[in-house]
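>>> Following is a predicted model, sequence given first.
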Amino acid sequence: MIMNKIPNFGLFAGTTAVKPHLAFQIRKQSWAFAALFLFAFCGLGFAAVRFGALFKDVDLDLPIGCSFAAHYGPIALPLFGIVAAAGLILSDVLGLKKWVQGVLVAVFTLLLIGAICAMLPGSFDQTGPITGDYVEQ
């Protein structure tokens, strides 16, 4: 039969080459990571709404990351969460190697940390907090 000669055809037909309890454990881990990143990025999206309202009427030159978080954060951050969750679930569904999911978790964690740092201007850089009074000499 031709189906037996096609590699990974059993993955799409509903059977897996691994033991059922191992496949279920991997699937729970993928769903847990996906839910965690989706919740974290959506929470940052809701925080970006308040963050954008805070800097809306203030005439400051914000850093690029801070400006991005203030203007596009309410839409972009939940979209990053959806992409992260879909990527983690698809990496498991497509049967990719286990290290691929680890790399995805590391990349999305760095993206999450970068979004948090962008929403807190002056907290993680060496220039100090952003203030409105600049003194020229």
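Received the coordinates, thanks. These numbers come from a predicted model, not from an experiment.

>>> any idea which helix or strand comes after the least confident helix or strand in the chain by mean pLDDT?
Taking mean pLDDT, DSSP states H and E as the measure, helix 9-12 is the helix or strand of the chain with the lowest mean score, a mean of 50. Reading on from helix 9-12 to the C-terminus, the next helix or strand found by DSSP states H and E is helix 20-54.

>>> Just the buried residues of whatever helix or strand comes next after that following helix, please?
The helix or strand immediately downstream of helix 20-54 is helix 64-93, counting by DSSP H and E. Buried positions in helix 64-93, judged by neighbour count with 16 or more other C-beta atoms under 10 Å: 65-70, 73-74, 76-78, 80-81, 84-85, 87-89, 91-92. C-beta: built from backbone N, CA, C; applies to glycine.

>>> what do you get for stretch 53-66?
Burial within stretch 53-66, assessed by neighbour count using 16+ other C-beta under 10 Å, is assigned to Phe55, Leu62, Pro63, Gly65, Cys66.

>>> Kindly report the same for stretch 110-124.
If you call a residue buried by 16+ other C-beta under 10 Å, then stretch 110-124 has these buried ones: Leu111, Leu112, Ala115, Cys117, Ala118, Met119, Pro121.

>>> Setting the sequence-adjacent residues aside, check what's closest to the third one.
In space, Ala115 comes closest to Leu44 once its chain neighbours are excluded; the distance is 5.4 Å by C-beta to C-beta, 6 or more residues apart in numbering.

>>> what's near enough to touch the one you found?
Under the criterion of C-beta atoms under 8 Å, 6 or more residues apart in numbering, the neighbours of Leu44 are Gly73, Leu77, Leu112, Ala115, Ile116, Met119.

>>> gap between the fifth one and Ala48?
Okay, so that is Ile116. Distance of Ile116 to Ala48, given as C-beta to C-beta, to the nearest Å: 11 Å.

>>> Same question for the fourth one.
Separation of Ala115 from Ala48 (C-beta to C-beta): 8 Å.
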